[in-house]
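> predicted structure and sequence below. I'll ask about it afterward.
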Amino acid sequence: SVLDTSGQVYFTDSVSKASFLSVIKNLPFEFSTVYVPEGLMPGRYLVRYEVYVAGEKDFTPVSNVAELPFEVTEGLFSKSYGDYYGSVDWGAGDGSFKMGNLYTTALNSSETLVATKAIMAVDRESSTNLVDIVPVKLYEVKPEVGPDWSGFDINSDNSLILRGVGDYLFGDEPFFEKVEVALLNAETLEEGVVLNPGRRYILVAEFLGDNASLGMQMNNKISYEPESTIAWGSGFNQWLIGSAGGFPTSDFGFVPIMDMVVETQQATNTERTSLPPSSMTLAPNPASDHLFIDFNFEKPTDFVLSVINAQGQVVQRSAYKSGLRERVEMDVNGWTPGVYFLRLVSRDGQLVKKVVVEN
């Protein structure tokens, strides 16, 4: 049965088994009807499972009922529910790892969906660096990968398309709460990533190098399919789809706190937090030898500068502490000629500017 928290039932179905042995621990039941909650209003609901033996009296009927919660939202993909469970600092080798969740868009959506933000929960009791940067990546699984993940190349990113990028800049304080990261189109670096209907998306946070000491907050309120959690570890140097390779896995009921805010196309033109254009100026542009970057902030600011090529790849990233008015000289001699994007990210917002590198 599907019901809301007040007890109103929206759907019910049943199936029966003729007989089974009492020693069986796990007996599968498969329902022929698939329930799609298209007509439900935003709110919290329950899926209730009830088992009974026809014509027989049960002395402990309370043990025959189990419930799992789910929530309908207006614009949020999320697999976390309720309080955090704990954090995972996971990896091998140099300790680097990536972790996130798998989300699937509806095939018959009548609206264009745009991913605008990632919401993640990171656990850090102390910091070894003055500034920690946690990159966020949004990948689309290529359509030729089978529903059972057949054909997925676990040893590289060849089965994935990088659609969105973002960064969160931590200061040097302990941190345990959820944070929001703006998602930018990996090709244009414009805000918002259009999601194709009927596709699978992997939203991950990257804990690389020194930042591998950070932990991803986990939740275990709901058990999902094993493929719900996606991870990559430097010790394996491969992608782990659910339980295919070891912990972490939603097969054990653990999922990362990695949510994705989704808006309709019409709603994405709202004003977002952005830095004034004067916060970063570039000269000369086009550049062929050296590029001078001037930063100008109203108050001392921690910030990160990323250089991204036309393919959406980060080719250089630097973190700065308590900057106010600074000039950075960047040697572009030897760079492949073409268009590059310089992305400035601080706690007050972000700013992206384009530079052309010539021979």
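Alright, I've got the coordinates.
> least trustworthy helix or strand in this protein by mean pLDDT?
Lowest on mean pLDDT, DSSP states H and E among the helices and strands of the chain sits strand 86-88, with a mean of 71.
> which elements pack onto the helix or strand just after that one?
Scanning forward in sequence from strand 86-88 by DSSP states H and E, the next helix or strand is strand 97-104. Contacting strand 97-104 under the criterion 3 or more CB pairs under 8 Å, 6 or more residues apart in numbering; DSSP states H and E are the following elements: strand 200-207, strand 229-233, strand 255-256, strand 258-264. C-beta coordinates here come from the backbone N, C-alpha and C atoms, glycine included.
> now the ones you listed as CSV including mean pLDDT?
Shown next, in CSV, are those (pLDDT from 0 to 100):
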stretch, mean pLDDT
strand 200-207, 93
strand 229-233, 82
strand 255-256, 86
strand 258-264, 92
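> closest one to Ala310 among those strands?
strand 200-207 (21.3 Å; CB to CB).
> only C-alpha atoms, please: export that closest one in PDB.
Extracted in PDB, the C-alpha atoms of strand 200-207 (Å, rounded to 0.1, in the frame of the first residue of the first chain):
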ATOM      1  CA  ARG A 200      21.000   8.300 -15.600                       C
ATOM      2  CA  TYR A 201      23.100  10.900 -13.800                       C
ATOM      3  CA  ILE A 202      25.900  10.500 -11.300                       C
ATOM      4  CA  LEU A 203      26.500  13.400  -8.900                       C
ATOM      5  CA  VAL A 204      29.700  13.000  -7.000                       C
ATOM      6  CA  ALA A 205      32.000  15.000  -4.700                       C
ATOM      7  CA  GLU A 206      35.800  14.600  -5.200                       C
ATOM      8  CA  PHE A 207      38.000  14.100  -2.200                       C
END
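> strands paired with it, and their directions?
strand 97-104 (antiparallel), strand 132-141 (antiparallel) (DSSP bridges).
> could you identify which of the ones you listed is most buried?
Most buried of the strands paired with strand 200-207 by mean neighbour count (mean count of other CB atoms under 10 Å) is strand 97-104; its value is a mean of 23.
> how far out from the middle of the chain is that one?
When distances are taken as CA atoms, centre = their mean, to the nearest Å, strand 97-104 is centred 6 Å away from the chain's centroid.
> beyond that strand, next helix or strand please.
Next along from strand 97-104, by DSSP H and E: strand 113-123.
> same question for that following strand, mean pLDDT?
Model confidence over strand 113-123, given as mean pLDDT, is 91.
> can I get that strand in PDB, CA atoms only?
Output of strand 113-123 as PDB, limited to C-alpha atoms (Å, rounded to 0.1, in the frame of the first residue of the first chain):
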ATOM      1  CA  LEU A 113      14.600  20.100 -16.200                       C
ATOM      2  CA  VAL A 114      17.700  22.000 -15.300                       C
ATOM      3  CA  ALA A 115      20.100  21.000 -12.400                       C
ATOM      4  CA  THR A 116      21.100  24.200 -10.600                       C
ATOM      5  CA  LYS A 117      22.700  23.100  -7.400                       C
ATOM      6  CA  ALA A 118      24.300  20.200  -5.500                       C
ATOM      7  CA  ILE A 119      23.700  19.900  -1.800                       C
ATOM      8  CA  MET A 120      26.200  17.800   0.100                       C
ATOM      9  CA  ALA A 121      27.200  17.100   3.700                       C
ATOM     10  CA  VAL A 122      31.000  16.900   4.400                       C
ATOM     11  CA  ASP A 123      32.500  16.000   7.800                       C
END
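> partners of it, with directions?
When DSSP bridges is applied, strand 113-123 pairs with strand 178-182 (antiparallel), strand 193-195 (antiparallel), strand 215-219 (antiparallel), strand 258-264 (antiparallel).
> in JSON lines: the helices and strands packed on strand 97-104, plus mean neighbour count and distance to Asp294.
Below are the helices and strands packed on strand 97-104 laid out as JSON lines (neighbours: other CB atoms under 10 Å; distance: least, CB to CB, whole Å):
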{"stretch": "strand 200-207", "mean neighbour count": "24", "distance to Asp294": "29"}
{"stretch": "strand 229-233", "mean neighbour count": "24", "distance to Asp294": "37"}
{"stretch": "strand 255-256", "mean neighbour count": "27", "distance to Asp294": "39"}
{"stretch": "strand 258-264", "mean neighbour count": "22", "distance to Asp294": "33"}
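> can you classify Ser63 by secondary structure?
Of the three states, Ser63 takes helix under DSSP: H, G, I helix; E, B strand; the rest coil.
> tell me the SS of Pro147?
Assignment for Pro147 (three-state DSSP): coil.
> now do the phi/psi pair for it.
phi -60, psi -30 (degrees, to the nearest 10).
> same deal with Ser279?
Residue torsions, per degrees, to the nearest 10, at Ser279 are phi -70, psi -20.
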